[in-house]
Each structure stands twice: as C-alpha cells, then as structure tokens.
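Undergrad: Here is my input, please return the structure:
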Amino acid sequence: MSENSLNPKTWQALLRFQENEITEYHIYQKLAKRQKSLENARVLEKIASEEHNHYEILKRYTGKEIQPDRFKIFWYSVLERLFGFTFAIRLMERGEESAQLNYKEIFTDVPKAREIEKEENDHELQLIELLDEQRLQYVGSIVLGLNDALVELTGALAGLTLALQNTNLIALTGFITGMAASFSMAASEYLSTKSDQNGKNPLTAAIYTGFAYIITVLILIAPYLIFDHYYVCLATTLTLAIGIIAFFNYYISVAKDLSFKHRFFEMAGLSLGVAFLSFLIGFILRSTFGIEI
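TA: Modelled structure (predicted):
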C-alpha cells in the first residue's frame, strides 16, 4: 500500500505512530541497559524488539524512514534516573493506552494495526509482571514519614506563627521539633518493620521514613528563613505542603497505578485541617494569656 492509496488522515496517523514506535524502541533499549536484574533487562529488550518490528510494519505502508523523538528519549531517561524505572515505564505506558485507542481508528485501512494493537496490550501485562523496584517496596515507609511530617509540622508551624510571630524563632522551633520527630519516627518504623517480619530490611525502612520526614521539614520551614512577614511565611508553607502532597501522590498514582484524586484530597484535607486547628489554638492561647514575644 502506498501513500497515494491512503487518505491524508490515515497517512498522517501512520507517520505519528511510526515515530512513536521507533522512539519507544530506543527508550526501552536504554532502560534495558541500565537494569541490574537480568530478567527485567531481557523483557525490556524483547519489548524493544517488538516496538522496532511495529516500526518496520508501518514503514511498509509509508515507505519512509522516520527519526525518533530525541527529546522524548532524553526526557524518559531523566525521569528514570530521578524517579526510578517503574515511574518512567508506567508513565510511558499511559501514553501507549491512548495510542492503542488511536490504532483502532485505522483498522480498516491498515489491517496490520490490529496485530500492533494486540502486542501493545501484551506489553503492559509483561511490564506489570517485571516491575519490582526497591523504593516502591518501601513506599509505605515513605508515606509514613511524609504524611506525618506534613500533618505535624504544618500544624505546629501554623500554631507557632500566631503564638510567636517571629519568623526566625518559628523556623528554629520548627526545625528542632521536626528533627526530633524525624528521629522518633525512624526509630518507630525500625521497630515496627523488625517485628512485622515482612521481608523488608528494618534499617532501610527507617532510613526511608526518616529521610522523607527530614526533607519535608526543611521544605516547610524554608519560607520562615526567606520572608520577613510571618503570615506570608505561613501561606507559602501551606502552598508548599499542597505542592508536596500533589507531587508525591502523582508519583504514587503513576508508579502503583492508584487513584490520584482520592489520595490527594484525603492527605491535603488532613494537613490543612490540622493546620487550621493549630492556628486556632495558637490564637486562643495568645488571646487568653496575652503572651507577647
């Protein structure tokens, strides 16, 4: 079949699919080379080979060589290094889901598209089987540290903001409170994981919990070290808290194929609710006892 025998819409669609297939071939090849697990690497190489085969099938219809999207290859390479193999693969698979729907539109003109679409479905099943990444095994520990820091520290900073009204003093108090709480949470996670005997390393779980807590603490107190007005600091801190919640829940929703909306609103509601109550308590205490610092 030649360019002249295809309608313009199908022709343009084939060129887009062809570029996507050769791009994903290069992405899977790159990811395969970085895998420590031989099984993961083997499956990724197999999928890369199938993507290249899809490209060759489409080239028979278009008669054109298409260059891969270099930026997309670079982008997924960066995502894999920053957020892990699972996140990058899952995010790319979401793009493949829409591609599978688009392939259905050209089944009549391009019968081979059915074969390609079926193999794309098989890719997802294979990938789900091979996704096994340490950071996702310990995601519960990360959630514990992150959620506890967000709830406790946003609440503490909200209360301290009205009670103290001194940005440096609030930052110092928040930092000391946060560091003490992070060590406490890490120790609790170590003991909890050790007693559960669920196959996880207690020390690793403790490190993930403590690290998540400390990073969250540093981000949340940063506005009090940058801005002078305590209400501006509090507003910025709450905005950062929402940003952390949104980013983390998006990561989890992609990597573990979970609902983003439910988890985001639940976590945001808890953090902002505790912050509001703490701010109210600070206001009541300051008004009742007339404390001025």
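Undergrad: quick one: residue 221 and residue 178 touch, right?
TA: Yes. With contact taken as C-beta atoms under 8 Å, residue 221 and residue 178 are classed as touching, separated by 7.0 Å. For every residue, glycine as well, the C-beta is placed using N, CA and C.
Undergrad: ok, residue 145 touching residue 208?
TA: Yes. With contacts counted by C-beta under 8 Å, residue 145 reaches residue 208, the gap being 6.9 Å.
Undergrad: Need the overlap of contacts for those two.
TA: Taking C-beta atoms under 8 Å, 6 or more residues apart in numbering as the contact rule, residue 145 and residue 208 both touch residue 189.
Undergrad: which stretches of the protein aren't confidently modelled?
TA: Low-confidence segments of the chain, defined by pLDDT under 70: 1-6, 95-105, 107-109, 111, 123-136, 197-199, 282, 285-287, 289-293.
Undergrad: quick one, domains of it?
TA: Domain ranges of the chain: 3-132, 135-289, per automatic domain parsing.
Undergrad: how about these in a markdown table, adding mean neighbour count?
TA: Listed next are the domains of the chain as a markdown table, based on neighbours: other C-beta atoms under 10 Å:
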| stretch | mean neighbour count |
| --- | --- |
| domain 3-132 | 16 |
| domain 135-289 | 18 |
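Undergrad: Which stretches in this structure count as helices?
TA: Applying DSSP state H to the chain gives helices spanning 8-33, 38-62, 70-83, 85-103, 112-130, 134-137, 139-164, 167-196, 202-226, 230-255, 260-289.
Undergrad: State the distance from residue 43 to residue 34.
TA: Computed as C-beta to C-beta, to the nearest Å, the residue 43 to residue 34 distance reads 14 Å.
Undergrad: same deal with residue 205?
TA: Using C-beta to C-beta, residue 205 is found at 25 Å from residue 34.
Undergrad: and what of residue 164?
TA: In terms of C-beta to C-beta, residue 164 sits 49 Å off from residue 34.
Undergrad: Please apply the same query to residue 26.
TA: Residue 26 is 13 Å from residue 34, by C-beta to C-beta.
Undergrad: How about residue 268?
TA: From residue 268 over to residue 34 the distance is 34 Å, taken as C-beta to C-beta.
Undergrad: ditto for residue 160
TA: Residue 160 sits 45 Å away from residue 34, going by C-beta to C-beta.
Undergrad: And for residue 156?
TA: According to C-beta to C-beta, residue 156 stands 41 Å off from residue 34.
Undergrad: Got the phi and psi for residue 66?
TA: With angles defined as degrees, to the nearest 10, residue 66 sits at phi -120, psi 130.
Undergrad: And for stretch 225-235, what's in contact with it?
TA: Under C-beta under 8 Å, 6+ apart, the answer for stretch 225-235 is 157-158, 161, 164-168, 170-171, 223-224, 236, 279.
Undergrad: what do residue 221 and residue 178 both touch?
TA: Common contacts of residue 221 and residue 178 (C-beta under 8 Å, 6+ apart): residue 153.
Undergrad: The nearest residue to residue 65 once chain neighbours are set aside: what's it in contact with?
TA: Closest residue to residue 65 apart from its sequence neighbours, by C-beta to C-beta, 6 or more residues apart in numbering: residue 59 at 7.0 Å. Counting by C-beta under 8 Å, 6+ apart, residue 59 touches 18, 65-66.
Undergrad: With distance to residue 213 as new columns, can these be given to me in JSON lines?
TA: JSON lines is the format used below for the contacts of residue 59 (distance: C-beta to C-beta, whole Å):
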{"residue": "18", "distance to residue 213": "48"}
{"residue": "65", "distance to residue 213": "52"}
{"residue": "66", "distance to residue 213": "48"}
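Undergrad: And the residue nearest the centre of the chain, how close does it get to residue 78?
TA: Centroid-nearest residue in the chain, with C-alpha atoms, centre = their mean: residue 251, separated by 1.6 Å. In this view, residue 251 and residue 78 are 15 Å apart by C-beta to C-beta.
Undergrad: same thing with residue 186?
TA: Distance of residue 186 to residue 78, given as C-beta to C-beta: 30 Å.
Undergrad: just residue 239 next, same as before
TA: For residue 239, the distance to residue 78 equals 26 Å [C-beta to C-beta].
Undergrad: what about stretch 208-215, distance to the chain center?
TA: With C-alpha atoms, centre = their mean, to the nearest Å as the basis, stretch 208-215 stands 16 Å off its chain's centre.
Undergrad: Let me see the residues that make contact with it.
TA: Counting by C-beta under 8 Å, 6+ apart, 135, 138, 141-142, 144-146, 148-149, 178-179, 181-183, 185-186, 189 sit against stretch 208-215.
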